[in-house]
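Asks: okay, structure incoming, though there's no sequence with it:
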C-alpha cells in the first residue's frame with residue numbers, strides 16, 4: 001500500500017498518491033490534490049474517500065493533532081463531519097489540525113495513514129485481506145501468503161509511480177528470527193538474494209566469511225530500559241541512577257552483542273537524527289553507583305527485595321537471553337540486588353506497562369516511525385506524566401514553538417532530563433545487518449526502512 005506521501009531513502013518527503021499540497025492557516029490546514037491516475041490493483045480509482053474511510057476505521061489513524069479527533073474518539077463528538085478530515089471532491093482531501101505541526105507530512109508516511117479499498121472491505125468484510133480478495137495500490141500486489149512461512153508479491157501493473165528497478169517477483173521468508181540459521185543456509189546455497197543477520201554465536205563467522213557481501217546500516221531505533229517512577233525504590237532518582245551506572249554499555253554492545261548494536265553513550269534521540277546529543281549518558285561507574293544506593297538509604301541493596309523485571313516475546317529477537325543474564329549479573333555483583341525477569345507475550349506486556357501493575361524495571365525496543373525526536377519524546381512524556389515536571393515544561397515549550405532550530409534545542413534539553421534523571425535509559429542503538437548477493441546491483445536503504453523494492457536492480461546470474 002502507498003499513502004499521500006512517502007519517504008525516500010534520504011528520509012525526505014516526496015509525493016505519492018498526492019501530486020501536490022497546500023499549507024494554509026499558518027500550518028493548521030493542509031489541502032492535498034490527488035493524482036487522477038492512481039488505481040487499485042483491480043482497476044478502481046483511488047479517491048479521497050478511501051483515505052477518510054481508512055482513517056475513521058482505526059483510532060490510531062485519527063491522532064490528537066487532527067481537529068476534533070480526540071473528542072470524536074472519546075465520544076464527546078459524535079458527528080464525523082466535525083472532525084478535521086474532509087473530501088472536498090474525489091481528488092481533493094482537506095485536513096485541519098488542532099495546531100501547526102512541523103512533522104505532520106512525515107506522520108503521513110506511516111502505514112496507518114494509507115488508504116484501504118472501501119469497495120472491497122464493504123463487500124468482503126473481515127476476509128478482505130485474504131489473497132483471493134485483497135487489492136492494493138502500491139508497486140506490488142499479493143500473490144500468495146502462507147501465514148508464518150512465506151509471502152509472494154508480484155509487480156502491480158496498475159502502479160502509477162516511478163519504478164526504476166527490474167524486480168517482477170518478490171519471495172519473502174517469514175521464518176522466526178530465532179531460527180535464522182535455516183535462512184542463512186539458503187543464502188549460502190544461492191537460494192536467497194538478501195538476508196537479515198541477527199545476533200547469534202554464528203554472527204562473527206558469518207560476517208567474516210561473507211565480508212564482501214556484508215552491510216551494516218544505522219537504524220533509527222534504540223533498545224532501552226525504563227523504571228516505575230511511582231513507587232519505591234525507583235521513585236528515588238538516586239536509585240535509578242545507581243542501576244544505570246552499574247551497566248557497562250561498551251561491554252554490552254561490543255562483547256555481549258558482538259557489535260550488533262552501538263553503545264548508547266548519548267541520549268534517547270539516536271545517532272542520525274536531528275537533536276542527537278553524543279556523550280550525555282550516565283557513565284559506567286560501579287563505585288558511584290554503590291555510593292548513590294548508600295545515599296538513598298539502601299546500602300548494598302538492603303531494604304530492596306528481589307525486583308520484578310519485564311520484557312516480551314516480540315523483543316527476544318533483538319534481546320538474546322544472554323543480555324538478561326548480563327544485566328542480572330551486573331546488578332547482583334555491583335549493587336547486591338537480584339532481579340527476576342519475566343518474558344510475556346506482547347499483549348500481556350503492554351497491559352502491564354500501561355496498567356496499574358507496572359513492573360519495577362522493563363526493557364523495550366523503540367523503532368522510530370518518522371525521523372523526528374517528538375515521535376518518542378512525547379511517548380516518554382505520557383509515561384512520566386506528573387513525575388518529571390521539568391520534562392513536561394520543556395516539552396510544552398517545544399510543542400508551542402514554530403522555530404525548527406528552537407524546537408530541536410528544546411528536544412535536546414528534554415532528552416538530557418530523561419537521561420540525567422534515569423527515567424529512561426538507552427542501552428544500545430540498533431543497526432541493521434544484511435548480507436546482499438553481488439548480483440543485487442541496486443539496493444536502496446535508509447535509517448528507517450530498507451525495502452525500496454521497486455528500485456532494486458538484480459543482474460542476470462546463474
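Replies: Looks like it arrived, so ask away. Computed from a predicted structure; not experimentally measured.
Asks: quick one: average pLDDT of stretch 149-166?
Replies: For stretch 149-166, mean pLDDT is 92.
Asks: would you mind confirming that residue 182 makes contact with residue 189?
Replies: No. Residue 182 is beyond contact range of residue 189, at 10.9 Å (criterion: CB atoms under 8 Å). C-beta coordinates here come from the backbone N, C-alpha and C atoms, glycine included.
Asks: more neighbours: these two, which one.
Replies: Each of residue 182 and residue 189 has its neighbours counted (other CB atoms under 10 Å); residue 182 has more, 11 against 8.
Asks: let me see the contact set for that one.
Replies: residue 175 (CB atoms under 8 Å, 6 or more residues apart in numbering).
Asks: all helices of the protein, in order?
Replies: Secondary structure of the chain (DSSP state H): helices located at 48-57, 69-73, 104-107, 118-124, 181-188, 203-209, 237-245, 249-251, 286-295, 321-330, 346-354, 374-383, 389-400, 404-421.
Asks: and the longest one, what does it pack onto?
Replies: When contacts are defined as 3 or more CB pairs under 8 Å, 6 or more residues apart in numbering; DSSP states H and E, helix 404-421 sits against helix 237-245, helix 374-383, helix 389-400, strand 424-436.
Asks: need the ones you listed in TSV (columns: mean pLDDT and mean neighbour count).
Replies: What follows is the helices and strands packed on helix 404-421, written out as TSV (pLDDT from 0 to 100; neighbours: other CB atoms under 10 Å):
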stretch	mean pLDDT	mean neighbour count
helix 237-245	97	23
helix 374-383	91	18
helix 389-400	92	16
strand 424-436	93	22
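Asks: dump the ones you listed into JSON lines; add distance to residue 47 as well.
Replies: What follows is the helices and strands packed on helix 404-421, written out as JSON lines (distance: least, CB to CB, whole Å):
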{"stretch": "helix 237-245", "distance to residue 47": "51"}
{"stretch": "helix 374-383", "distance to residue 47": "29"}
{"stretch": "helix 389-400", "distance to residue 47": "33"}
{"stretch": "strand 424-436", "distance to residue 47": "36"}
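Asks: for residue 203, find the nearest of the ones you listed.
Replies: strand 424-436 (7.8 Å; CB to CB).
Asks: go through the helices of the chain and pick out the most buried.
Replies: helix 237-245 (a mean of 23; mean count of other CB atoms under 10 Å).
Asks: ok and it relative to helix 404-421, angle-wise?
Replies: 90 degrees (axes from the mean of the first three to the mean of the last three CA atoms, to 10 degrees).
Asks: tell me which other helices or strands helix 237-245 touches.
Replies: The helices and strands touching helix 237-245, judged by 3+ CB pairs under 8 Å, 6+ apart, are strand 214-227, helix 286-295, helix 404-421.
Asks: the last one: how far from the chain's middle?
Replies: By that I understand helix 404-421. 20 Å (CA atoms, centre = their mean, to the nearest Å).
Asks: for stretch 324-334, same thing?
Replies: Worked out by CA atoms, centre = their mean, stretch 324-334 lies 28 Å from the chain centre.
Asks: what's next to the helix or strand of the chain with the lowest mean pLDDT, contact-wise?
Replies: None of the helices or strands of the chain scores lower by mean pLDDT, DSSP states H and E than helix 203-209, at a mean of 84. Helix 203-209 has contacts (CB under 8 Å, 6+ apart) with 184, 197, 214, 258, 260, 433, 435.
Asks: centroid residue for this protein?
Replies: residue 367 (2.3 Å; CA atoms, centre = their mean).
Asks: if we can go back for a sec, would you turn the helices of the chain into JSON lines with distance to residue 458?
Replies: As requested, those are exported to JSON lines (distance: least, CB to CB, whole Å):
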{"stretch": "helix 48-57", "distance to residue 458": "33"}
{"stretch": "helix 69-73", "distance to residue 458": "43"}
{"stretch": "helix 104-107", "distance to residue 458": "31"}
{"stretch": "helix 118-124", "distance to residue 458": "32"}
{"stretch": "helix 181-188", "distance to residue 458": "15"}
{"stretch": "helix 203-209", "distance to residue 458": "22"}
{"stretch": "helix 237-245", "distance to residue 458": "46"}
{"stretch": "helix 249-251", "distance to residue 458": "39"}
{"stretch": "helix 286-295", "distance to residue 458": "52"}
{"stretch": "helix 321-330", "distance to residue 458": "36"}
{"stretch": "helix 346-354", "distance to residue 458": "35"}
{"stretch": "helix 374-383", "distance to residue 458": "33"}
{"stretch": "helix 389-400", "distance to residue 458": "45"}
{"stretch": "helix 404-421", "distance to residue 458": "40"}
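Asks: so which of these comes closest to residue 460?
Replies: Closest approach to residue 460 among the helices of the chain (CB to CB): helix 181-188, 19.0 Å.
Asks: was I right to think residue 421 contacts residue 237?
Replies: Yes. Between residue 421 and residue 237 there is a contact under CB under 8 Å: 5.4 Å.
Asks: quick one, strands of the stretch 51-200 of the chain?
Replies: 85-89, 92-96, 140-146, 150-155, 169-173, 194-196 (DSSP state E, counting those that start in this stretch).
Asks: which of the ones you listed comes out lowest on mean pLDDT?
Replies: Looking at the strands of the stretch 51-200 of the chain, the bottom one is strand 194-196 with a mean of 91.
Asks: who does that one touch, helix- and strand-wise?
Replies: So strand 194-196, by 3+ CB pairs under 8 Å, 6+ apart, packs with helix 181-188, strand 424-436.
Asks: neighbouring strands for the longest one, and are they parallel or not?
Replies: Okay, so that is strand 424-436. Sheet partners assigned to strand 424-436 using DSSP bridges are listed as strand 194-196 (antiparallel), strand 214-227 (antiparallel), strand 261-263 (antiparallel).
Asks: mean neighbour count, the ones you listed: which tops it?
Replies: strand 261-263 (a mean of 22).
Asks: thinking again about what came up before, any idea what the residue nearest to the centre of the chain is bridged to?
Replies: residue 221.
Asks: and it, how far from residue 45?
Replies: 33 Å (CB to CB, to the nearest Å).
Asks: residue 328 too?
Replies: Distance from residue 328 to residue 45, by CB to CB: 58 Å.
Asks: equivalent analysis for residue 163, please.
Replies: Look at residue 163 and residue 45: by CB to CB, they are 19 Å apart.
Asks: and if you look at residue 254?
Replies: 54 Å.
Asks: next: residue 338.
Replies: Distance from residue 338 to residue 45, by CB to CB: 62 Å.
Asks: excluding chain neighbours, what is closest to residue 28?
Replies: In space, and not counting its chain neighbours, residue 28 is closest to residue 97: 4.9 Å by CB to CB, 6 or more residues apart in numbering.
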